[in-house]
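1. Sequence plus the predicted model coming up.
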Amino acid sequence: MLIENLIKNGTKILKQKGINNYQLDAELLLTQITKKERVYSIINDKEKINNKDCLKYFDLISRREKNEPIAYILNKKEFWGIDFFVNKNVLIPRPETEIILEDLKKRFKNKSKLNILDIGTGSGCIILSILKEFRNFIGTGIDKSVNSIKIALYNSNILQLNNRVKFINCDIDNYNFGKYDIIVSNPPYICSHKVKYLSKDIRDFEPLISLDGGVTGLEVLKKVLIKTKKLLKIGGFLYLEIDHTQSKKIKVMLKKCKIRVISTLYDCNKQIRCIIGTRLK
């Protein structure tokens, strides 16, 4: 079958199933078969694909029409200009999270040898992107999921950052090592009773451990703040990704932990996505 017909058929199937970005997804899934960039299929749309590869392609289309995220099918997601390996054991990196990197880049452009802690590191996309941006920083990523740690280690190896980062399989309650200049965290913050209302591609495929923040949505976040008070250096910075509806409660919690809010970062919808604080004492 010709590439152009293969994509047309894949697009039609995904469109009928109500998949967003159906044509883009159909084109991206073909890259998994051809092992070439998407632009190749656009330029060479008259090229013929053999029957075996056609069957493989429609297997991928079948997975996508069941709402499996494209990132899990391709086993990669771009974040901060870097392709990270991902699978169902880690949360898919969101472009909105890049606002943390944008602020770090401006705030610490003249700093060197800072020590970073990433709480709930997942794929390692945040801490590894920071280390890629700042050549003299060192870092540690912790996660209670051993499978997440394996993926973060794999990504650090691909990016050749193993000499500047450690990944530790540990719950935040039990982590008591070191003092850090910067702590970043994107903890699970969705209320347990709201998880069932998430879109199918999130609810049915992304790890619950990375989504469910307990009854109030603040259970894990409370642990992060308690530990931050002990691990963050005086004058150090905390970057906390949150749900915008929780901002007032979180600011009160930060004050109790002697962490002063110095800035808030907003996403493309002009809603608070991240709170930045500094430890007072």
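-> Received, thanks. Numbering: from 1, shown residues only.
2. hey, let's count contacts and neighbours off CA atoms from now on
-> Noted.
3. What segments of the stretch 151-281 of the chain are strands?
-> Along the stretch 151-281 of the chain, the segments classed as strands by DSSP state E, counting those that start in this stretch run 165-169, 180-185, 232-241, 259-266, 272-279.
4. Make CSV from those strands and add distance to Trp80, mean neighbour count and mean pLDDT to it.
-> As requested, the strands of the stretch 151-281 of the chain are exported to CSV (distance: least, Cα to Cα, whole Å; neighbours: other Cα atoms under 10 Å; pLDDT from 0 to 100):
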stretch, distance to Trp80, mean neighbour count, mean pLDDT
strand 165-169, 18, 19, 98
strand 180-185, 16, 23, 98
strand 232-241, 16, 22, 97
strand 259-266, 17, 17, 96
strand 272-279, 17, 22, 97
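5. would you turn these into TSV with distance to Gly214?
-> Rendered in TSV, the data for these read as follows (distance: least, Cα to Cα, whole Å):
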stretch	distance to Gly214
strand 165-169	21
strand 180-185	17
strand 232-241	16
strand 259-266	23
strand 272-279	19
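6. Tell me where the stretch 101-250 of the chain has helices.
-> Counting by DSSP state H, counting those that start in this stretch, residue ranges of the helices within the stretch 101-250 of the chain are 125-133, 146-158, 200-203, 219-231, 247-256.
7. and Lys179, which of the ones you listed is closest to it?
-> Among the helices of the stretch 101-250 of the chain, the nearest to Lys179 by Cα to Cα is helix 219-231 (4.9 Å).
8. what does the closest one rub up against?
-> If you take Cα atoms under 8 Å, 6 or more residues apart in numbering as the criterion, helix 219-231 is touched by 119, 172-173, 176-180, 183, 185, 187-189, 213-214, 238, 253-254, 257-259, 279.
9. now for the helices of the stretch 101-250 of the chain, which one comes closest to Leu101?
-> Shortest distance between Leu101 and the helices of the stretch 101-250 of the chain, using Cα to Cα, is found for helix 125-133: 6.7 Å.
10. Which positions in that closest one come out as buried?
-> Judged by neighbour count using 16 or more other Cα atoms under 10 Å, the buried positions of helix 125-133 are 125-132.
11. could those go into TSV alongside distance to Cys274?
-> Formatted as TSV, the entries for the buried residues of helix 125-133 read as follows, by distance: Cα to Cα, whole Å:
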residue	distance to Cys274
Cys125	16
Ile126	13
Ile127	16
Leu128	19
Ser129	17
Ile130	16
Leu131	20
Lys132	21
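12. a markdown table for those, including distance to Lys36 and pLDDT?
-> As requested, the buried residues of helix 125-133 are exported to a markdown table (distance: Cα to Cα, whole Å; pLDDT from 0 to 100):
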| residue | distance to Lys36 | pLDDT |
| --- | --- | --- |
| Cys125 | 24 | 98 |
| Ile126 | 27 | 98 |
| Ile127 | 29 | 98 |
| Leu128 | 26 | 98 |
| Ser129 | 25 | 98 |
| Ile130 | 29 | 98 |
| Leu131 | 29 | 98 |
| Lys132 | 26 | 97 |
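13. So among the contacts of helix 219-231, which ones count as buried?
-> Neighbour counting over the contacts of helix 219-231 (16+ other Cα under 10 Å) leaves 119, 172, 179-180, 183, 185, 187-189, 213-214, 238, 253-254, 257, 259, 279 as the buried ones.
14. where are the low-confidence patches of the stretch 101-250 of the chain?
-> Residues of the stretch 101-250 of the chain that meet the criterion pLDDT under 70 are absent altogether.
15. returning to that earlier point: could you say which one of the helices of the stretch 101-250 of the chain comes nearest to Asn87?
-> Comparison of the helices of the stretch 101-250 of the chain against Asn87 by Cα to Cα identifies helix 146-158 as nearest, at 8.4 Å.
16. Restricting to C-alpha, output the closest one in PDB.
-> Taking C-alpha atoms only, helix 146-158 is exported to PDB below (Å, rounded to 0.1, in the frame of the first residue of the first chain):
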ATOM      1  CA  VAL A 146      11.100   1.400  41.100                       C
ATOM      2  CA  ASN A 147      10.000   1.200  37.400                       C
ATOM      3  CA  SER A 148      10.200   5.000  37.200                       C
ATOM      4  CA  ILE A 149      13.700   5.000  38.500                       C
ATOM      5  CA  LYS A 150      14.700   2.500  35.900                       C
ATOM      6  CA  ILE A 151      13.300   4.700  33.200                       C
ATOM      7  CA  ALA A 152      15.000   7.800  34.600                       C
ATOM      8  CA  LEU A 153      18.300   6.000  34.700                       C
ATOM      9  CA  TYR A 154      17.900   4.900  31.100                       C
ATOM     10  CA  ASN A 155      17.200   8.500  30.100                       C
ATOM     11  CA  SER A 156      20.200   9.800  32.000                       C
ATOM     12  CA  ASN A 157      22.400   7.200  30.300                       C
ATOM     13  CA  ILE A 158      21.100   8.200  26.800                       C
END
